[in-house]
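**Student:** model this:
(2 chains)
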Amino acid sequence: MTTNWQFAWRNIWRNKRRTILTMCAIGFGASLIVFSVGLQLGQYDLMISGSTRIYQGLVQVQKKGYLDEARMRNSIADAQTLANNIRKTTAINDVAVRANGFALVSSRERTYGVAVIGVETRHEGNVSIIPGLVKEGRYLANDNASEVVIGRSLAKNLKITLGDELTILGSGRDGSIAATIFPVVGIFDSGSRELDRGLVQIPLNSFQQVFSMGNHAHAVVIYHQNAELVDTLKTQLQPLLKAADPDLLALGWDQIQPGIKESIELDYSSGWFMYIVLVAIITFSIMNTFLMSVLERTREFGIMLALGFKPINIGKLVMMEALILTLFALIAGTLIGLAVNYYFLINGLTFEGMEEIAAQYNMPATITPQISIESTLLGPAVILIFTLLAALYPAMKIRKLEPVEAMRHI
Amino acid sequence: MNSFLLIFSLAWRNLWRNKRRTLVILLAIVLGVWAMIVTAAFMRGMIFQMLEDTVDNLAGHVQIHHSQYLDDPVINNSFDPDSHTISRITHDPRVLMWSDRIRLPAVVLSERETTGITMLGVNPARESKISFIGKSVVEGRFLNSSSDTGIVIGQALADKLETRLGKRIVLMSQDINNEIADRGFRIVGIYDAPLDPTEKAFVFVGKETAAKMVGLKGAISEIVLRLHDTDMVTPLVTEMDQLDHTIDVMSWLEVEPYLELMIQMMDTSMFIWYLIVFLAMAFGIINTLLMAVFERTREFGLFQALGQKPRFILFQVWLEAILMIIVGLLAGNFLSWISVMATGDGIDVSVFARGMEMINMSNIIPFVITFNDLMIANITVAVLGMLTGLYPAWRASRLVPADAITRI
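**Tutor:** The predicted model follows:
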């Protein structure tokens, strides 16, 4: 066996230039794919963490049907007890209750329709970065306070500043009129246009009073920084939800914001179309090399056959040559790709115009590639399969060789 | 001329001496060219569709607002449609059609639900020609006149509000005196737009009715124009924006700066993709040609011994490379053309519907091949391919005759 490997190794280097060119082609493909898959996955991580961390959370408990039609009546009874149970009985600590409403908010001069959210002031900061992004004034003091925080764009549109009064006018859970006047104690700047323009937060108890909610709320928001834990979290919640109300659902970020998930999938599949095409082109490029290295040795193979070698052994030899060559090139290429990824992991990658596009998805303007087993090995594995397939054809040709004829071949 | 013909036929025949080898590398080139053109066509189609949707989606080619309106879209920032400037713009021969609107943020209340929307007070005759609404009313009818007292809302909004055709809903908005104005409307029509967010965001009412509700006397919020030709947009905007500084004239691209950025980024990333694809082919082209050269070492030696100049050999091998690339380009272009034809209207990406919605796009992406994209792809391959072919050709011409002949 060792002799065979040695044999294959020497055969590869019989034509150095050709071997090196072939290795370059494979290595180039590998490093490119390792780099761009890493970049792509890194970008998806950013999109997911951006969308979950700012406001939406990783998992939300809601009443069945609330996701499709956010109706005020479709609420969770005694939501705070449920949230407390979750905090106490599971390892999940970043939990906060929200009640969602819609209302007209007016300053002295202006009126806009916005989402009004009732939050648990002590816990909201664990599931959302908005409390930490209050740039002027402060966040809501306690759950009973009569005060409001609003986004910077909304403040600008309403032409109000800290301390000014904001009139909130909407309809309550029972259809009655919900109206109140709260002073603005804080102005936040989240960077997300949608939130900064269309969201105000008030304390949960005040919300429940103004909107006649009793002890009801609309969502229990749960955050965890590792997005892959979505399903684990959901399973952990299941028994608690069942005990509280069989109509409660635990929804993952991908259900709450299916747009993000699908745009990731769309991008991923168009990415793979490009990779497969690229790998196919490389395969055709090197197929000739494999083919030539077999055809030019027809005479040699003829002699080997005459000496008693079985065609299958020679075929194996050819495959071994291809395998060695590909593996070496893949290792080199993967290492280069990894090195580039590592460089950008440390330094971050940004390019012109990215900031605007990134803002559209609530993303920071620098991407860091993801370095994981998937991002590193998936591309090279595909290349390995394709190149071995390319080597199979010339290897099969050997079976058809007739020793006498082959030896006469020039 | 004769010697060129000789070289040409030599090169052509040499190319086909080893059919399988040439076909394999041709496959690589064809696949590469196909991939370049088809991805460019897909990207271009995506952008084309985005622009179409944007224009159709109420934006038009050119928009006119009060200079403060975009920052602060309230009723006070409206303008007089009968001013000299405006009539000069709307009467410009480049303008195909236009529509004037009162466009205000408002709140809509049904018996069950309340939500925020944008109210569009329109002249139905003009509006239905310029935007999607003209062909999108699926239930009931569109507005009859500017003083029609009905309202037309989107399907998705109707579902959200739990209301339907014939029911009454109430609109609330700020009036000219900063007071809250409200008015009830009967739903006379329901429209179905390509994108759900559009359906949820816009309701159509008569322009006069809207004006009466909020107390506007003759003033409007915006005019959108559609021109005969998109190439006229930039010159027209540059010219008209000078006229009156209380009026803001802008093109569709300024309305969606994100789109323009995407177009720029796409051009760069397409070119990088071309280079990558080409590099992948280049290794194969060099290797194959080098092989073809080395197995003919004796032959080239003989040529030279017979008095052929090295230049002649260089040119001959180079021509082989060029012919190969030309054949590959022709076949690749043809294949792209066939695959674009085969997909007809475009490819359906509705599996990713909500992802597409996020970037404001509908679900069918047409393939759009532009002359520019075709040229860039073909020229990249042709120029770089010719450069690549030079190396093996140069190697062939550098053989020393005596050595070459004696080599087996």
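**Student:** any idea which element residue 44 lies in?
**Tutor:** If you meant another chain, say so; for now it's chain A. Assigning secondary structure by DSSP states H and E places A:Tyr44 in helix A:16-51.
**Student:** could you do chain B instead?
**Tutor:** Counting by DSSP H and E, the element that carries B:Arg44 is helix B:19-54.
**Student:** that helix close to chain A?
**Tutor:** Yes: for helix B:19-54 and chain A, the contact criterion (Cβ under 8 Å from any Cβ of the partner chain) is met by B:Arg20, B:Arg21, B:Val24, B:Ile25, B:Leu27, B:Ala28, B:Leu31, B:Gly32, B:Ala35, B:Thr39, B:Phe42. Using the backbone N, CA and C atoms, a C-beta is placed for each residue, glycine as well.
**Student:** run through chain B and note the low-pLDDT ranges.
**Tutor:** In the predicted model of chain B, residues B:1, B:255-258, B:350-351, B:353-362, B:407-408 satisfy pLDDT under 70.
**Student:** domains in it, as residue ranges please.
**Tutor:** Recorded structural domains for chain B (assignment: automatic domain parsing) are B:2-54+B:259-406, B:68-244.
**Student:** and the end-to-end length of the longest one?
**Tutor:** So the one you mean is domain B:2-54+B:259-406. Domain B:2-54+B:259-406 has its terminal residues 31 Å apart, counting by Cα to Cα, to the nearest Å.
**Student:** how distant is it from the center of its chain?
**Tutor:** 25 Å (Cα atoms, centre = their mean, to the nearest Å).
**Student:** okay, helices next: where are they in the stretch 151-300 of chain B?
**Tutor:** Using DSSP state H, counting those that start in this stretch, the helices of the stretch 151-300 of chain B run over B:155-161, B:196-201, B:207-214, B:233-241, B:252-255, B:257-294, B:297-305.
**Student:** is the fifth one anywhere near chain A?
**Tutor:** No: Helix B:252-255 stays clear of chain A (Cβ under 8 Å from any Cβ), getting no nearer than 13.0 Å.
**Student:** show residues contacting that helix.
**Tutor:** By Cβ atoms under 8 Å, 6 or more residues apart in numbering or on different chains, the list of residues contacting helix B:252-255 from outside reads B:Leu51, B:Thr54, B:Val55, B:Ala59, B:Gly60, B:His61, B:Val62, B:Gln63, B:Val233, B:Val237, B:Leu259, B:Glu260.
**Student:** neighbour-wise, which of those residues leads?
**Tutor:** Ranked by neighbour count (other Cβ atoms under 10 Å in any protein chain shown), those have B:Val62 at the top, with 28 neighbours.
**Student:** what residues does the nearest residue to that residue once chain neighbours are set aside make contact with?
**Tutor:** Using Cβ to Cβ, 6 or more residues apart in numbering or on different chains and skipping the chain neighbours, the partner closest in space to B:Val62 is B:Leu225 (4.2 Å). Applying Cβ under 8 Å, 6+ apart, one finds that B:Leu225 lies in contact with B:Gly60, B:His61, B:Val62, B:Gln63, B:Ile64, B:Ile89, B:Thr90, B:Val95, B:Leu96, B:Met97, B:Trp98.
**Student:** domain map for chain A?
**Tutor:** In the assignment given by automatic domain parsing, the structural domains of chain A cover A:2-52+A:260-408, A:59-223.
**Student:** relative to chain B, how far out is A:Thr283?
**Tutor:** Look at A:Thr283 and chain B: by Cβ to the nearest Cβ, to the nearest Å, they are 8 Å apart.
**Student:** flag every residue of the stretch 201-350 of chain A that's near chain B.
**Tutor:** Counting by Cβ under 8 Å from any Cβ, the stretch 201-350 of chain A comes close to chain B at A:258-266, A:270, A:273-274, A:277-278, A:280-282, A:284-289, A:291-292, A:296.
**Student:** which of those residues fall in strands?
**Tutor:** With strands identified by DSSP state E, none of the entries of these belong to them.
**Student:** before we move on, back to that, closest to A:Ile187 among the contacts of B:Leu225?
**Tutor:** Proximity of the contacts of B:Leu225 to A:Ile187 (Cβ to Cβ) peaks at B:Gln63, which lies at 30.4 Å.
**Student:** and the gap between that closest one and B:Met250?
**Tutor:** Separation of B:Gln63 from B:Met250 (Cβ to Cβ, to the nearest Å): 6 Å.
**Student:** what is in contact with these two at once?
**Tutor:** With contacts taken as Cβ under 8 Å, 6+ apart, not a single residue reaches both B:Gln63 and B:Met250.
**Student:** for the residue nearest to B:Ile37 when sequence neighbours are not counted, what are its contacts?
**Tutor:** Residue nearest to B:Ile37 in three dimensions, not counting chain neighbours: B:Ser336, with 3.9 Å by Cβ to Cβ, 6+ apart. Contacts here follow Cβ under 8 Å, 6+ apart; on that basis B:Ser336 touches B:Val33, B:Trp34, B:Ile37, B:Val38, B:Ala41, B:Ile369.
**Student:** adding neighbour count and distance to A:Asp78, write these out as a markdown table.
**Tutor:** Shown next, in a markdown table, are these (neighbours: other Cβ atoms under 10 Å in any protein chain shown; distance: Cβ to Cβ, whole Å):
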| residue | neighbour count | distance to A:Asp78 |
| --- | --- | --- |
| B:Val33 | 29 | 65 |
| B:Trp34 | 24 | 62 |
| B:Ile37 | 25 | 61 |
| B:Val38 | 21 | 57 |
| B:Ala41 | 25 | 57 |
| B:Ile369 | 18 | 61 |
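**Student:** okay if I get those residues as JSON lines plus distance to A:Ile222?
**Tutor:** As requested, those are exported to JSON lines (distance: Cβ to Cβ, whole Å):
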{"residue": "B:Val33", "distance to A:Ile222": "51"}
{"residue": "B:Trp34", "distance to A:Ile222": "48"}
{"residue": "B:Ile37", "distance to A:Ile222": "48"}
{"residue": "B:Val38", "distance to A:Ile222": "44"}
{"residue": "B:Ala41", "distance to A:Ile222": "44"}
{"residue": "B:Ile369", "distance to A:Ile222": "49"}
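**Student:** ok, now which ones touch B:Thr118?
**Tutor:** Contacts for B:Thr118 (Cβ under 8 Å, 6+ apart) come out as B:Arg103, B:Leu104, B:Pro105, B:Ala106, B:Ala201, B:Phe202, B:Val203.
**Student:** what is it paired to in the beta sheet?
**Tutor:** The residues listed as beta-bridge partners of B:Thr118 by DSSP bridges are B:Pro105, B:Phe202.
**Student:** could you check how far it is from B:Leu171?
**Tutor:** Counting by Cβ to Cβ - B:Thr118 and B:Leu171 are separated by 11 Å.
**Student:** perfect, that will be all.
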